[in-house]
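>>> Show me the folded form of this:
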Amino acid sequence: MSDIIALDVSKNHSYVVWYRDEQCLAEFDCPHNRIGFKHLKVIADSADSPAMYFEATGVYSRPVVRFCQNNHLSYTQLNPLELHLRSEDLRRVKTDRSDAHKIAHSVMKNNYRQTNAWSKDYRQLRELTRFYGQVNKDIKLEQVKLYTALEQTFPEEEQLFKNRVSKLALNVILLFPHPDFVHGLSRTKLKNKLMSQTDKRLSKAKGLKYAEKLIKFAQISYPATDFDSIQVQEVKYYCRQLINLVKQKERLVAQMKTLSKSLPAYQIYISMPGIGSLTAAQLLGELGDITRFDNANQLNAYIGIDLNRYQSGQFRRQDHINKRGNPHARALLYLIVRNMIRQQAAAPNHIVDYYYRLKKRPIPKKDKVATVACMNKTLKCLYAMVMTGTKYVYTYADSKSQ
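Predicted coordinates for the structure are as follows:
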């Protein structure tokens, strides 16, 4: 049997225990720096076919993962909930030292599956996907701040654009955060200013149209502040913040699309109606290489849409999904199914057919229940397509008989 090296991972350090034949040979505190990992490397080199075991603790466990990958050590990231269920006893003593020993003892009693390291492309795509999601959240937050401030300086300007966070809209607000900046400018001068000082290349006709609207809005506007107020400075500040965020988002999208195109599953994903290039890149980033799963049910559990069933005596609780998996992938898959339903006129899709069959049964399914069922079916379809290396073709799906 391989030697067991178990780590209780904390912020900036881990408590390490080394077991061989159920005997603890060494234990020590390992800081997550060059000195600590050098000591851990000496222990790993001294061990007999060592296997590393530690809980997946987000960013705290990532230095340990990198150490294992760089030194070609087999490792297993344990699910904290699974480890808790398999190692819980009546006596509860929790310290970093005791937790490390608990992990080692649990490994001796149970068969934990070794973690398959993601390739560099999938790891980078995961980080890009998460970064993209964070930038989107920041844009929404800054947008609320901007339009709260704009409500006091030039509220009518909100009506100028449908997309209120486009670079054109933000550039116009930055140029004219208050109606006093528009007063005294002719249509021609205003048009020329819009055409020369915004990122988007405007035609003369569009520039003139926006100029006329701005003049009209400036004439009727009665702002709550003067043109030299602090609120005007605030509007300009949030505009610049949003412009930078929008540019960062565009760069991330370009990176995600470029990186995802080199992955074999990309063309298979985008062949399915409702999954575009950006969505496919995000899906690849969240799911990784799905060929690592033995079957589609494991993939469902990874996302967290497997059923949680409870029955005791005559009582049976209504089934619901576990929600223990990857919440980002689950939310993304939900949006994919909703997009399929919205875009059903663009291309035939057996997932949409299945959704409407569930809604038309003698006992119709509720909307969210039907959507989750379609998420499950979409995952199974994607898994089968990737495993067989075939793109989506509607005629292959016997949708009427399902």
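>>> Does residue 287 touch residue 299 like I think?
Yes. With contact defined as CB atoms under 8 Å, residue 287 counts as touching residue 299 (7.4 Å). Heads up, the C-betas are built off the backbone N, CA and C, glycines and all.
>>> Where does the prediction get shaky in this protein?
Across the chain, residues meeting the criterion (pLDDT under 70) sit at 1, 88-94, 307-312, 314-320, 323, 396-402.
>>> ok, 80 please
Judged by pLDDT under 80, the chain has its weakly predicted residues at 1, 81-82, 85-96, 199-201, 306-325, 395-402.
>>> So which other helices or strands are in contact with the helix ranked longest in it?
Criterion DSSP state H: the longest helix present in the chain is helix 120-153. Using 3 or more CB pairs under 8 Å, 6 or more residues apart in numbering; DSSP states H and E as the contact criterion, the neighbours of helix 120-153 among helices and strands are helix 230-260, helix 277-287, helix 327-342.
>>> what's next to stretch 214-234, contact-wise?
Stretch 214-234 is contacted from outside by 149, 151-157, 159-160, 172, 176-183, 185, 187, 190, using CB atoms under 8 Å, 6 or more residues apart in numbering.
>>> Can you give me the distance of the residue located most distally from the centre of the chain to residue 190?
Most distant residue from the mean C-alpha position of the chain: residue 184, 48.1 Å away (CA atoms, centre = their mean). When distance is defined by CB to CB, to the nearest Å, residue 184 is 10 Å away from residue 190.
>>> now do residue 15
When distance is defined by CB to CB, residue 15 is 67 Å away from residue 190.
>>> and if you look at residue 60?
In this structure, residue 60 and residue 190 are 55 Å apart, going by CB to CB.
>>> Also residue 287?
According to CB to CB, residue 287 and residue 190 sit 50 Å apart.
>>> Please apply the same query to residue 347.
Distance, residue 347 to residue 190, by CB to CB: 44 Å.
>>> Check residue 97 too.
Noted for residue 97: a distance of 71 Å to residue 190, by CB to CB.
>>> between those two, which one's more packed in?
Counted by other CB atoms under 10 Å, residue 97 and residue 190 do not tie: residue 190 has more neighbours, with 22 against 14.
>>> in a helix, that's where the more buried one is, yeah?
Yes. In this structure, residue 190 lies within a helix as judged by DSSP: H, G, I helix; E, B strand; the rest coil.
>>> ok, now how distant is it from residue 153?
Using CB to CB, one gets 18 Å for the distance from residue 190 to residue 153.
>>> What of residue 224?
8 Å.
>>> Tell me which of the two has more neighbours.
The neighbour comparison of residue 224 against residue 153 (other CB under 10 Å) goes to residue 153, with 27 against 10.
>>> Contacts only, for the more buried one.
Contacts here follow CB under 8 Å, 6+ apart; on that basis residue 153 touches 177-178, 223-225, 229, 231-232, 235.
>>> Check residue 132 too.
If you count contacts by CB under 8 Å, 6+ apart, residue 132 has them with 249, 252-253, 256, 282.
>>> Show me which of those is closest to residue 355.
Distances from residue 355 to these, taken as CB to CB, are shortest for residue 282 (21.7 Å).
>>> and that closest one, how many residues sit next to it?
Each residue near residue 282 was counted by other CB under 10 Å, and the total is 28.
>>> what's the closest non-adjacent residue to it?
With CB to CB, 6 or more residues apart in numbering as the measure, residue 129 is the residue that lies nearest to residue 282, at 5.0 Å, once sequence neighbours are left out.
>>> Then residue 386?
Leaving aside its chain neighbours, residue 386 sits nearest to residue 265 (5.0 Å; criterion: CB to CB, 6+ apart).
>>> The one you found and residue 133, how far apart?
Using CB to CB, one obtains 20 Å as the distance from residue 265 to residue 133.
>>> before we move on, what about residue 106?
Summarising the geometry, the distance separating residue 106 from residue 133, computed by CB to CB, is 33 Å.
>>> So between these two, which is more surrounded?
A side-by-side neighbour count of residue 106 and residue 133, using other CB under 10 Å, places residue 106 first with 20 against 17.
>>> residues near residue 26, how many?
With neighbours defined by other CB under 10 Å, the count for residue 26 comes to 13.
>>> Which strand residues bridge it?
Beta-bridge partners for residue 26, by DSSP bridges, are residue 18.
>>> Please renumber the chain so that the first residue is 38 from this point on.
In the new numbering, first residue 38, that becomes residue 63.
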